[in-house]
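Novice: Sharing a sequence plus its predicted fold:
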Amino acid sequence: MLVIALATLALTGCRTATENNLSYFRNMGDTPTGVMPQGTGYEIKIAPEDELSIVVSSAVPQATAMFNQPQANVATRSELTTQPVPRLQTYIVDRQGDIIMPQLGKINVAGKTTSEIEDLIRSRVSATVNDPFVRVQLVGFYVNVMGEVKTPQRIQVTSQRFTLLDALSAAGDLTEYGERGSVMVIRDENGKQTYHRMNLADSNIFSSPYFYLQQNDVVYVEPNQIRIDNSKYNQNNAFKLSVISTIVSATSVVASLIIALAVK
């Protein structure tokens, strides 16, 4: 009877979970079509440690060959374990935000978009070459997705337009315990760590400056109240079961001693 009473006491901390709404963008309405909030134009800004692919060409390839790095069997930083085919080498932006190009020398690219860098290089090459074509691409960057997602991971981004929804999809979407009203985006801005909470139930996130992710952003999905309550309940139950186990063991020892003394 004592064991049953103790077991019943251990289970009294259970609470019934409330309904958890798992849907996104709940304020879009019930109509089959509609217009979502529009954000401003977005282009990612280049930062130190970024990797750039830059190709300069023209109608006369020999005229622009001197502005390109030679082809070699080199890899980007993400491909160092593979055997890449020969291609133009990439540029790594240094801590001062500069790259060094053949013939053109040092060029500051930090804080500029790829289209702005193209215009800058084109203007310099135009001094000696007619109608040059310049192509600048950001080879890739990384974002981290953590918390209540199905596959927390570091994601290599190969697109210059990578959204919060892209990151969550790549991580397998939120678990049923993810707090959809508070998804945090942590960002390094001007040397300071900033954060912003995004509400996935609100379609206004499409116009947020944090909707498009940048280099080294961290997306953290907080646990909802059900997960928090379950965690506390499991911890309390583990402690209570440990106490019950100790009491049962002690009771067994006492019972054995009483039986032994009675036999004598």
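Specialist: Received it, and whenever you're ready, just let me know what you need.
Novice: Any regions of the stretch 151-264 of the chain where pLDDT drops low?
Specialist: 227-228, 231-257, 260-264 (pLDDT under 70).
Novice: all strands of it, in order?
Specialist: Here the stretch 151-264 of the chain has its strands, by DSSP state E, counting those that start in this stretch, at 153-157, 178-189, 192-198, 218-223.
Novice: quick one, which of those strands is packed in tightest?
Specialist: Most buried of those by mean neighbour count (mean count of other C-beta atoms under 10 Å) is strand 218-223; its value is a mean of 20. (Glycine included, C-beta is placed from N, CA and C.)
Novice: who does that one pair up with?
Specialist: Strand 218-223 pairs in its sheet with strand 133-147 (parallel), strand 178-189 (antiparallel), by DSSP bridges.
Novice: ok so, going back, could the strands of the stretch 151-264 of the chain go into a markdown table alongside distance to Ala59?
Specialist: What follows is the strands of the stretch 151-264 of the chain, written out as a markdown table (distance: least, C-beta to C-beta, whole Å):
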| stretch | distance to Ala59 |
| --- | --- |
| strand 153-157 | 34 |
| strand 178-189 | 42 |
| strand 192-198 | 47 |
| strand 218-223 | 45 |
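Novice: Nearest to Asn230, out of the ones you listed?
Specialist: Nearest of the strands of the stretch 151-264 of the chain to Asn230, taken as C-beta to C-beta: strand 218-223 at 9.1 Å.
Novice: Can you give the contact residues for the closest one?
Specialist: Contacts to strand 218-223, defined as C-beta atoms under 8 Å, 6 or more residues apart in numbering, come from residues 143-149, 164, 167-168, 171, 174, 177-179, 182-187, 213, 231.
Novice: Pretty sure Tyr24 sits against Arg180.
Specialist: Yes - counting by C-beta atoms under 8 Å, Tyr24 touches Arg180, with 6.7 Å between them.
Novice: which neighbours do those two share?
Specialist: 200-201.
Novice: Shouldn't Lys112 be within a strand?
Specialist: No - assessed with DSSP: H, G, I helix; E, B strand; the rest coil, Lys112 is coil; it does not lie in a strand.
Novice: Now do the same contact list for it.
Specialist: If you count contacts by C-beta under 8 Å, 6+ apart, then Lys112 has 45-46, 120 around it.
Novice: Can you select the buried ones among these for me in PyMOL?
Specialist: Here is the PyMOL command that selects only those of the contacts of Lys112 that count as buried (16 or more other C-beta atoms under 10 Å):
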select buried, resi 46+120
